[in-house]
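S.K.: only the shape, not the letters, is given here:
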């Protein structure tokens with residue numbers, strides 16, 4: 001997939017770009033099936049330990065985690081990419097359609113940044129976690145990345161609606177550079193007094209398989225999930241291979257190289273081993289420039 005000049009221009013002017021129907025069932029189904037299996041295993045283990053009264057195997061992908069989390073928040077503890085380390089997820093990170101989009105902005109030597117997540121956002125009425133507040137992705141990186149561009153690719157694997165907590169952005173906010181962040185109950189945030197004036201939030205509901213691209217200085221947040229289902233999405237980050245990652249103690253991976261294609265030789269086992277080693281040996285590392 002290649003972007004048009006008008007799409008690239010829109011991104012540079014506004015700091016984001018929404019594209020529908022980039023991915024199809026062949027792209028999304030493997031990761032959904034992988035997480036269905038992971039949740040099933042977690043449910044069985046928690047049931048054997050007496051921490052849940054039912055494994056809720058009659059529930060849909062958008063429901064099951066919600067019902068399990070009603071009894072124990074432990075079910076969400078090990079779902080993120082670096083902990084679950086699923087093979088389908090590894091393949092998703094290097095999906096050619098995703099890399100094509102990245103190449104339009106970061107060039108032909110594409111590094112998959114280690115600051116990457118899968119989000120399972122529970123309904124707010126029963127969740128201990130508040131919606132993701134207004135922030136910039138540059139704000140969660142070490143200062144070494146400040147001079148550089150990093151592309152976030154946000155991918156819903158279920159429909160992201162106004163009701164279940166879609167993203168919202170402040171168009172044009174990327175032109176103001178890094179803004180001061182503070183910690184609050186919802187997480188690391190740019191408070192209203194530090195936000196650029198006279199910018200109007202843009203809500204971005206999007207169907208599963210669409211993507212939202214945004215600049216690492218674009219202010220964005222999530223609306224509250226006021227539905228009865230779980231909103232699932234990936235947020236992945238890519239940049240030129242020669243730039244710092246902002247988390248040097250975590251592993252990064254060259255996913256595409258037009259200059260040195262033979263360098264893209266990372267296999268699934270190596271990916272898992274490097275993440276396992278990094279997590280074991282980075283305990284206590286200071287992830288953020290703004291201390292809690």
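M.R.: Yes, it's here. Keep in mind the model is a prediction, meaning the values are calculated, not measured.
S.K.: for the stretch 1-150 of the chain, just list every one of the strands.
M.R.: 16-19, 109-112, 117-121 (DSSP state E, counting those that start in this stretch).
S.K.: and the second one, how far from the chain's centre?
M.R.: Spelled out, that is strand 109-112. In this view, strand 109-112 has its centroid 16 Å away from the chain centroid, taken as C-alpha atoms, centre = their mean, to the nearest Å.
S.K.: please list the residues outside that strand that contact it.
M.R.: Strand 109-112 is contacted by residues 93-94, 99, 102-103, 236-243, 245, 252-260 when judged by C-beta atoms under 8 Å, 6 or more residues apart in numbering. Backbone N, C-alpha and C define where each C-beta goes, glycine included.
S.K.: now stretch 30-48
M.R.: 52-57, 61, 64-65, 68, 71-72, 74-75, 78-79, 84, 86-89, 91-92, 118, 157, 232, 234.
S.K.: ok, the residue nearest to residue 59 when sequence neighbours are not counted to residue 229 distance?
M.R.: Distance criterion C-beta to C-beta, 6 or more residues apart in numbering; nearest residue to residue 59, sequence neighbours excluded, is residue 67 at 5.6 Å. Per C-beta to C-beta, to the nearest Å, residue 67 is found 11 Å from residue 229.
S.K.: looking at the two now, which is surrounded by more residues?
M.R.: Per other C-beta atoms under 10 Å, whichever of residue 67 and residue 229 has more neighbours is residue 229, with 21 against 17.
S.K.: would that one count as being in a strand?
M.R.: No. Secondary structure of residue 229 (DSSP: H, G, I helix; E, B strand; the rest coil): coil, not part of a strand.
S.K.: can you give me the neighbour number for the closest residue to it other than its chain neighbours?
M.R.: Leaving out its chain neighbours, the residue that sits closest to residue 229 by C-beta to C-beta, 6+ apart is residue 62, at 4.0 Å. For residue 62, the count of nearby residues is 19 (other C-beta under 10 Å).
S.K.: surely residue 62 is in contact with residue 225?
M.R.: No. The criterion here is C-beta atoms under 8 Å, and residue 62 misses it with residue 225 at 10.9 Å.
S.K.: that older thread, show the buried residues in the contacts of stretch 30-48.
M.R.: In terms of neighbour count (16 or more other C-beta atoms under 10 Å), the buried residues within the contacts of stretch 30-48 are 52, 55-56, 61, 64-65, 68, 75, 79, 86, 88-89, 92, 118, 157, 232, 234.
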